[in-house]
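>>> no FASTA, just this:
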C-alpha cells in the first residue's frame, strides 16, 4: 500500500467514532482553541487487519497543543481526539496480524487519537515502524509513562543529530529549547551517547535539570547575549546547532557555527527564521531541516531505524526520558495549560 493511501487509512482509524461493544473514555477537541471535552465512546468490532490496544499513556508535546488550536502545519477539523504518542498493551489482534498477541506491550505513533483509553490501528503500522512491540525482560518492568515519552523526542533528536547533523564524537553541540522534551533528548544523546561538549540554551531555573542530563554549560537567553557567550564558550564556533526555537535569534546561531558547521532546524516556537545564506557560504556550513514524523512516509527505513534505536537504548538503560508530571485523562486541559505557559521541563504525560 502506498504511503499516501496508508495515511488516508490512518486518518479513518484515528478520527472516526464507531459503534461497538466496549465503552471507553476519550478527550475530544470539539472546537479549536477551546478546552477538550471528556466523553464516552464505544469500539466497533475488530477487522481482520487491525490491532486493538488498551492505551495506558499518551505523551504530550507542543505540536499536539498547537493542533488543538489549528496552528500546527497539519490541520485537523473538529471533532477529533488529539494525541500522537501512545504506550499500552494489545487487547485483540485481527486474524491477519501474525506478529502480535494479546498482552504484548507496544508503543505507537499515531497521526491523532492518542488521548483515549482504547486505540484501534491498522496492522501495517508494524511494517513502517509506527507501532513497535517492546521486548521487556519482565512485564513488571514496564513504565508506560516513560514509553509514551520516548519515540517522538528521542527519535527526532537521534535522526537530527545523526542523519542530518552527521554528529561525531567530541564535537561541540549547541541545543536551543534545551529544557523541552526534544531539547532535553538532544542534550542527553549528544552528551551521553556521543561524548560531545554540550551548550544548552534555557532559563536559569531549568538549568539544573538540563545539566543533570549532560549539558556542560548553559546560557539563559532571557538575560544573556547568546552570541557573546558563545564566543567565550566556543571560540572556534560550534559544530552543530540543534535549533528547536527558531525566531530572529537563529541568525546569531548561524554566525556562531564553526567551519563546516551544521545548523539543524526542527521547530519554530519563536517564529520562522531567515537564515543568512552568505554566512553559510563563508563558513562552508550547512542548514538542514527535519520533520521527523513525516519521515514515516518519506523515508520509512530511516524512521523505523530511529524508533528501533532509541527504544533499544531506553531498554538498555542508556537514556532516560524525563517526565515532569503525569495527569489523569480528566485533567488533560490542565496539562495543556502548563504547555501553553512554557513551564514544562521534559515531558508531560496523560495516564489512562
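Sure thing, it's come through. Note that the structure is predicted; figures quoted are calculated from it, not measured.
>>> buried sites along stretch 306-315?
Of the residues in stretch 306-315, those buried by neighbour count under the rule 16 or more other Cβ atoms under 10 Å are 306-307, 309-311, 313-315. (Each C-beta comes from the backbone N, C-alpha and C, glycine too.)
>>> now tabulate those residues in TSV and tack on pLDDT.
As requested, the buried residues of stretch 306-315 are arranged in TSV below (pLDDT from 0 to 100):
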residue	pLDDT
306	97
307	96
309	97
310	97
311	96
313	97
314	96
315	94
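>>> now, those that are in helices?
Mapping the buried residues of stretch 306-315 onto helices (DSSP state H) picks out 306-307, 309-311, 313-315.
>>> tell me the one of those residues nearest residue 221?
residue 310 (27.4 Å; Cβ to Cβ).
>>> quick one, helices of the stretch 1-150 of the chain?
Assigned by DSSP state H, counting those that start in this stretch, the helices in the stretch 1-150 of the chain fall at 3-15, 62-67, 125-128, 144-147.
>>> no wait, the stretch 151-300 of the chain
For the stretch 151-300 of the chain, helices defined by DSSP H, counting those that start in this stretch occupy the ranges 151-159, 181-188, 207-212, 226-233, 250-255, 277-282, 295-298, 300-315.
>>> report how many residues lie close to residue 268.
The local packing of residue 268 (other Cβ atoms under 10 Å) involves 15 other residues.
>>> can you pull the pLDDT of the closest residue to it other than its chain neighbours?
The spatially closest residue to residue 268, leaving aside those adjacent along the chain, is residue 246, at 3.6 Å (Cβ to Cβ, 6 or more residues apart in numbering). Residue 246 is assigned a pLDDT of 94 by the prediction.
>>> report the contact partners of residue 246.
265, 267-273 (Cβ atoms under 8 Å, 6 or more residues apart in numbering).
>>> select only the buried ones of these in ChimeraX?
Buried subset of the contacts of residue 246, written as a ChimeraX selection, criterion 16+ other Cβ under 10 Å:
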select :265,267,270,273
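>>> just checking, which of the contacts of residue 246 belong to strands?
Using DSSP state E, the subset of the contacts of residue 246 located in strands is residue 265.
>>> let me know the closest of the contacts of residue 246 to residue 185.
Of the contacts of residue 246, the one sitting nearest to residue 185 (Cβ to Cβ) turns out to be residue 267, at 12.7 Å.
>>> the residue lying closest to the closest one once chain neighbours are set aside - how many residues pack around it?
Closest residue to residue 267 in three dimensions, ignoring its sequence neighbours and counting by Cβ to Cβ, 6+ apart: residue 244, at 4.4 Å. Here the neighbour count serves as a burial measure; for residue 244 (other Cβ under 10 Å) it reads 25.
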